[in-house]
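In: what follows is a predicted structure for the sequence shown.
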Amino acid sequence: MKYLNSFQLAPYYRYSNAENFFAFGHAEHHFNGLLTNKIPLLNKLKWHLVAGANTFYVNRDNYYLELFAGLENILKIFRVDVVTAIQPGLGNTWGVRVGLGGLIGGKMVFQ
């Protein structure tokens, strides 16, 4: 799954632009048990915490930011994230992203 190449809640064409300058970034950190190893049930299940952000910036009035946190390695193929989106003029939105890895591949987003 390409979590670092896309936005999860962004309106499809809202941020299309012809500006000379814009920037975007995607960051993700896998804690690999750093925090979940301290919780006995999560340690036994081998679920791992993951967190990150996706952002797009044109100017102070035209930007978009997503923050997410979730658990991965659920049944060795699932990943579940809670995502919040911050955007000017539209307020905050949130959703739940369920990712299917392994042989299945794909994602579903619920808002």
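Out: It's in.

In: low-confidence ranges, the chain, go.
Out: 1-2, 101-111 (pLDDT under 70).

In: let's see 90
Out: Scanning the chain for pLDDT under 90 picks out 1-22, 24, 32-39, 41-43, 46, 58-63, 72-79, 87-93, 97-111.

In: for it, which segments count as helices?
Out: Remark: helices assigned in the chain by DSSP state H are 40-45.

In: so who does the residue of it most remote from its centre touch?
Out: Within the chain, Asn20 marks the point farthest from the mean C-alpha position, 27.0 Å out by C-alpha atoms, centre = their mean. Applying C-beta atoms under 8 Å, 6 or more residues apart in numbering to Asn20 gives no contacts. C-betas here are computed from N, CA, C, even on glycine.

In: right, and Ile77 touches Leu100 too?
Out: Yes. Contact criterion C-beta atoms under 8 Å: Ile77 and Leu100 qualify, at 6.1 Å.

In: what residues sit buried inside stretch 39-52?
Out: Buried residues in stretch 39-52, counted by 16 or more other C-beta atoms under 10 Å: Leu42, Trp47, His48, Leu49, Val50, Gly52.
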